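Undergrad: predicted model and sequence follow; I will ask about them next.
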Amino acid sequence: MPLLLCKDDVVKVLNMADCMAVVEKAFAELASGTAVLPLRTPITPPDGLSLYMPAYLKEMGALACKVVTVYKNNPQKHNMPTVMGKVLLQDHETGDVICIMDGGYLTAVRTGAASGVATKYLAREDKGQIAGIFGAGVQAKMQLWAVAEARDIARALVYDVSSDAVTKFISEMGSKLDLDVRAADSPDQILESADIICTATSSPTPVFDGSKVREGTHINGIGSHTPNARELDTAIVKRSKFIADSYEACLKEAGDIMIPIGDGEFDKSHMYAELGEIVTGTKPARASDQEITLFKSNGLAIQDTATAKLVYDKAVEMGIGNKAEI
Ligand SMILES: NC(=O)c1ccc[n+]([C@@H]2O[C@H](COP(=O)([O-])OP(=O)(O)OC[C@H]3O[C@@H](n4cnc5c(N)ncnc54)[C@H](O)[C@@H]3O)[C@@H](O)[C@H]2O)c1
C-alpha cells in the first residue's frame, strides 16, 4: 500500500537544512560512483512535454523517478497548471513503489539545496554578507533560503522585471527568514554590493553584465537549462571558476555554457569541477578571496531521489499522509 503525500504534507516535513544534508550526500555519491543517473528522458505528446527523471543512490538506499510535465494549454483548456510533477519512491530492496508524492515544492527545495551546498563550499566565509537574487518567483525564494542556511547573511537584494513578484518576495521571505530583504532598482545595484548572487529567472537572455561582477563573488545560476537559453553572459563564464552540477548536463542542456562554447569563446576543458568533486574534496574549492566562483545547476534526479527518501522517512515517522490500496 503506497503512501500518498500531497503538497501540504511535503511542506510540513521538508526543511532546507535537512534537504541540504541529503543533497550533499547525493552529490558525494555521484562523485564516488555509487549513484546511477541516466539523463532525463523527454517524450512529446501533441499537447506537451513529459520528462522522466530516474535515479538510484546506493549508499542512501534511495530509488525514485520524478515525472515532470509541461503542458502550455493546460490553464485555458483544463484549468490545470502548466508545470506539474510527481515523484514515485521505490523500496530499493523489492522495487515496490512505496510512496507517491507531489513534486512541485520538493523540486524547489531540492534546487535551493544544491545551491546551498555549492554556497557552503564555494562562497567566501566572512560574516554579514549580502545576497543578491535575480528573479522573485518560486525558485528564487528557495535560493535565498538556502544561501541564508549556508552563510551569515546580513541583507538580501532582489531584482525582477515584475514589481508585483518583488513585493510578494520581500513580504514572504523577509518574515520567513527574519531578514532585511529589499528591492534592487537595477541589475547593477545587485552587482555593486552582493557577495553571493543567485539567478533564478525565466529569462532566455543574460540578466546582468558579467564584466561588472565584483571579485570574490560566488554565483549560483539555476534558471535556464535548455541549449538556446542563458541567464549568464560569456564574460562571467570566462571570468569564473566554473563548477557544474554535472558536466554531461551542462554540455547537453545548458545554454549558459553551450552558447559560449559554440561561439568559440570558451573551451569545455576550462570547466573546473563537478559539485560532487568539491564536496568529496577530490578538487579544492575556492582558492582565494578574489576568485569568482560559479555553480551551474541544471537540476539532477539524484537531488529529487535523495529528497524524496528524506520526505518519506519523515512522513512515516510523523504519521503524515494516506495509504492507498492499489
Ligand atoms: N536548475 C534547476 O534545478 C531548476 C529547477 C526548477 C526550475 N528551474 C528553472 O528556474 C527558472 C525559474 O523558475 P520558477 O519556477 O521560479 O519560475 P517563476 O515563473 O516562478 O519565476 C521566474 C521569475 O523570473 C522573472 N524574470 C524573467 N526575466 C527576468 C529578468 N531578465 N530579470 C529578472 N527577473 C526576470 C519573472 O518575472 C518571474 O518572476 C526557470 O527557468 C525554470 O526552468 C531550474
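TA: Ah, there it is.
Undergrad: what sits closest to the residue in the stretch 151-300 of the chain that the ligand sits nearest to if chain neighbours are left out?
TA: The ligand sits closest to Gly299 of the stretch 151-300 of the chain, with a gap of 2.4 Å, by C-beta to the nearest ligand atom. Where you see a C-beta, it was placed from the backbone N, CA and C, and this is true even at glycine. Leaving out its chain neighbours, the residue that sits closest to Gly299 by C-beta to C-beta, 6 or more residues apart in numbering is Thr111, at 6.0 Å.
Undergrad: which SS class is that neighbour?
TA: The three-state label given to Thr111 by DSSP: H, G, I helix; E, B strand; the rest coil is helix.
Undergrad: what is the burial count for it?
TA: 27 (other C-beta atoms under 10 Å).
Undergrad: just to revisit the earlier point, who's in contact with the residue of the stretch 151-300 of the chain closest to the ligand?
TA: 107, 111, 114, 222, 225, 245, 249 (C-beta atoms under 8 Å, 6 or more residues apart in numbering).
Undergrad: how about the fourth one, what does it touch?
TA: In this structure, Ile222 makes contact with 111, 114-115, 139, 143, 198-200, 297, 299, judged by C-beta under 8 Å, 6+ apart.
Undergrad: tell me which of the residues you listed fall in strands.
TA: Of these, the ones assigned to strands by DSSP state E are 198-199.
Undergrad: what's the pLDDT at the residue of the stretch 151-300 of the chain closest to the ligand?
TA: According to the prediction, Gly299 has pLDDT 95.
Undergrad: grab the nearest non-local neighbour of the residue of the chain found nearest the ligand.
TA: The nearest approach of the chain to the ligand comes at Gly137, 2.0 Å away (C-beta to the nearest ligand atom). For Gly137, ignoring the flanking residues on the chain, the nearest one in space by C-beta to C-beta, 6+ apart is Ala165 at 6.1 Å.
Undergrad: anything in the helix or strand containing the one you found near the ligand?
TA: Ala165 belongs to helix 163-177 when assigned by DSSP states H and E. Yes. Using C-beta under 6 Å from any ligand atom, helix 163-177 reaches the ligand at Ala165.
Undergrad: tell me which of the contacts of Gly299 has the lowest pLDDT.
TA: The member of these with the lowest pLDDT is His225, at 79.
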